Structures are given as structure tokens and as C-alpha cells.
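# My questions are about this predicted structure, shown below with the sequence.
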Amino acid sequence: MKTTVHFTWNQLRIFDAVARLSSHTRAAAELHVVQPTISAQIKLLSTAVGMSLFEQIGKKIYLTPAGRELHATCAEMFDCWSRFEMKTADIKGVKTGTLHVAIVTTAKYFIPRLLGPFCRLHPGIDVALEVVNRDQVIERLAANRDDLYIMGVPPDNLPTERHPFLENPLVVIAPGEHPLAGKRRIDLNKLAHEQFIAREPGSGTRIASEKFLASHRIKPRIRMQLGNNEAVKWTVAAGLGIAIVSRHALMMEPMHDRLAVLDVKGFPIRRSWYVVYPAGKKLSVVAKTFFEYLQQEASTIQEELSVPPLRARRAAATRRSPRPSGR
């Protein structure tokens, strides 16, 4: 006798989140619901299947054999539904739907500024934006959870399509009153004597900066590791060390008077921002529209990168100002 399993789409979304995150609490936070809702829906789904989907060992939860099978089935169903949405959008020939984009934290300095005009141009498109660290972006990329991914250092261990669309120069910042502030053509070896405030291991900025320094046989003396650019900048401004950050992190910066960009030989480190997606993936109409928009409109952000930081502009203006005649 054939048994029919009754479930809801919402139950599968909740189950998938718990399975991926191995946590009811984290799943609740991702889906913006309370934890009792997560537990109740998992219980109902387990009852419908007729077997336990998770088992708890100590404080951790793991998928049961039935849970692993259901998780694999969920992935197939979500992928199938995504292809259906893409095909119907193609048939309609209209640009409507939801665009899912995951970006690394440093990209938050320019992507929202590009999204505003994009949404005004395409009012039928809703945007779901995830701002997470690089490791989490790669995790989402491997699971094909979003339409597009934006990062500075694409992974080498995943088959991907990657397209550069904007420069991402890395610069050295120091406290405004640092002895090297205002110096010209600073020898790179002087950085070996400085204490560094670094991003967390796995950060694209840290990977690129350490690779560059290692190529010049310089091992940075890391005093502190921090998980976001704001913390790095405030720590540098407090005089605890120097840092290498993306030039984008200094755009519209309220701490210009407390920070200085050092003129170090070899800097800025030239890098790019990439639009990344799994190799072989067919982009939806919505994703292709945003991809093309990024390539066209990134020039506006690029122009802003050519403008020196406020402190540098002030210093330049001071050098150009005529000296008093003494009369």
C-alpha cells in the first residue's frame, strides 16, 4: 500500500535551514521566526515522514539516515523550482521576481549604492541581499543558494564562472598622527617594524595582503584580529597599529581626520571585485539583468576611487596654498 507524505513548502524550508546550520537557533535567526516555530514544524514533518529526521548527541544535532535522504530531496526540489521560475520569467519576457545576492562584508560599501538605482529602474524586481564573511559566501556558493556572489578572492577549489567588474585596491592606513603619515614613497620594509590590525583568517583582504607581503619576504606582526572593517578602522584610529584595508572601506568615511593613508611603495595592491556563480549555471533573466547592470554602472564607483581620501586632499591643498608674504 502506497503511503503519501503530506508536508508544506514552509516545512521543507525550515528543515533545510536546520539541516544546513545544524542548529534550531541559527535556523530561526536566518528565517526570522521564533525557535518554537522551528521545533514545531520539524516535529510535524517528522510525523508526516514517520521517522525521526534529526538525532541529538550531546549539544549537537545530526541528520538521521531518513533526514539525509530528505535533505538531498529538498535540494533537488528547490533546484527544480528555481528552474521553473527562471523558465516562466523567460516565457513572460518580463523582469520580475526576486534577486538573491550574497556579498562579502567589504562589498557593503558600494553594492547597496548600486542596488538603489537598479531597483528604481526595475520596480518589479525584489532583492534579497546577504552580507556575510568570505567563508560563508563560499558555503552559499557551494550549495548554489543564491543567484550571484560578489567577492574579492574567488575560491580555487570550486568550479565557478568569475567576472571582474570593479577595481578593489588595498591601501595601508595608520593613525592620523603616525610618524609615517605625510611621508612620500615609504620603503615597504618599514612595515615589518609596525604592529598590524588584521581582518580574520579567511578574509579576502587578509589573504591578498599576506600574499603580497610574503612575496616581499615581510611577515606582518599581527597585534589584533578583528571581524569587520569598522572595528579595524576604529582600532587603528585609536593608535593601536596600522592595517591594510580596501579603498572602498574609506569611502564616505567619518574618521578621515583620525586616519591617514600611507604612501608605501608597492601600494595600492591592485585587485578586482568579481561576480561569481557556479560553473555551468544558467542565469535567470533577473540575475542576467543585474549582472549586466553591474558591468555598466560600476564605472561610477570607479571614478570615486580615483579621488584621494579627505586627509590627503587637505594635505595637498595645504602644499598648494601660497605662503604669506610676511607683510
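Received it, and whenever you're ready, just let me know what you need. Numbers count the residues shown, from 1 in each chain.
# Let me see the ranges of the helices in the chain.
9-21, 24-31, 35-49, 65-92, 111-121, 134-142, 204-215, 229-237, 285-305, 310-320 (DSSP state H).
# Residue 207: what's it in contact with?
Residues in contact with residue 207 (CB atoms under 8 Å, 6 or more residues apart in numbering) are residue 153. (C-beta placed from N, C-alpha, C; glycine too.)
# Show me the one of the helices of the chain that comes nearest residue 172.
With CB to CB, the closest approach to residue 172 among those belongs to helix 204-215: 9.1 Å.
# relative to helix 229-237, how tilted is the closest one?
50 degrees (axes from the mean of the first three to the mean of the last three CA atoms, to 10 degrees).
# ok so, going back, ok, which of the helices of the chain comes nearest residue 105?
helix 229-237 (6.9 Å).
# Show residues contacting that closest one.
Contacts of helix 229-237 (CB under 8 Å, 6+ apart): 105-106, 173-176, 197-199, 224, 226, 241-243, 245-246, 249, 253, 255, 258-259.
# PyMOL command for the buried members of the residues you listed?
Here the buried members of the contacts of helix 229-237 are turned into a PyMOL selection, burial being counted by 16 or more other CB atoms under 10 Å:
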select buried, resi 105+106+173+174+175+176+197+198+199+226+241+242+243+245+246+249+253+255+258+259
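# Point out the ones among the contacts of helix 229-237 that are inside strands.
Among the contacts of helix 229-237, the members found in strands (DSSP state E) are 173, 174, 175, 197, 198, 199, 224, 226, 243, 245, 246, 259.
# What is the neighbour count of residue 227?
Residues near residue 227, counting by other CB atoms under 10 Å, number 12.
# residues in contact with the nearest residue to it once chain neighbours are set aside?
Using CB to CB, 6 or more residues apart in numbering and skipping residues adjacent in sequence, the residue nearest residue 227 is residue 200, 5.0 Å away. Going by CB under 8 Å, 6+ apart, residue 200 touches 133, 206, 225, 226, 227.
# What is the nearest of the residues you listed to residue 186?
residue 206 (21.1 Å).
# on that earlier part again, the residue nearest to residue 227 and residue 40: what is the separation?
Distance from residue 200 to residue 40, counting by CB to CB, to the nearest Å: 36 Å.
# Same question for residue 24.
11 Å.
# of those two, who's got more company?
Shown here are residue 24 and residue 40; by other CB under 10 Å, residue 24 has more neighbours (19 against 13).
# Quick check, pLDDT for the nearest residue to residue 263 once chain neighbours are set aside.
Distances taken as CB to CB, 6+ apart put residue 184 closest to residue 263, at 5.5 Å, once the chain neighbours are dropped. For residue 184, the pLDDT comes out at 92.
# Give me the neighbour count for residue 184.
There are 6 residues near residue 184, going by other CB under 10 Å.
# The spatially closest residue to residue 46 that is not a sequence neighbour: what's it in contact with?
Excluding its sequence neighbours, the residue lying closest to residue 46 (CB to CB, 6+ apart) is residue 53, at 5.0 Å. Residue 53 makes contact with 15, 42, 45, 46, 63, 64, 66, 67, 70, according to CB under 8 Å, 6+ apart.
# so how many other residues sit close to the first one?
Meaning residue 15. Residues within reach of residue 15, counting by other CB under 10 Å, total 25.
# before we move on, what about the one 10 residues further on?
Counted with other CB under 10 Å, residues neighbouring residue 25 total 11.
# and it, how far is that from residue 200?
Distance of residue 25 to residue 200, given as CB to CB: 22 Å.
# Next, residue 181: phi, psi?
As for residue 181, its main-chain torsions (degrees, to the nearest 10) stand at phi -60, psi 130.
# Would you check that it makes contact with residue 263?
No: using CB atoms under 8 Å, residue 181 is not in contact with residue 263; the gap is 9.4 Å.
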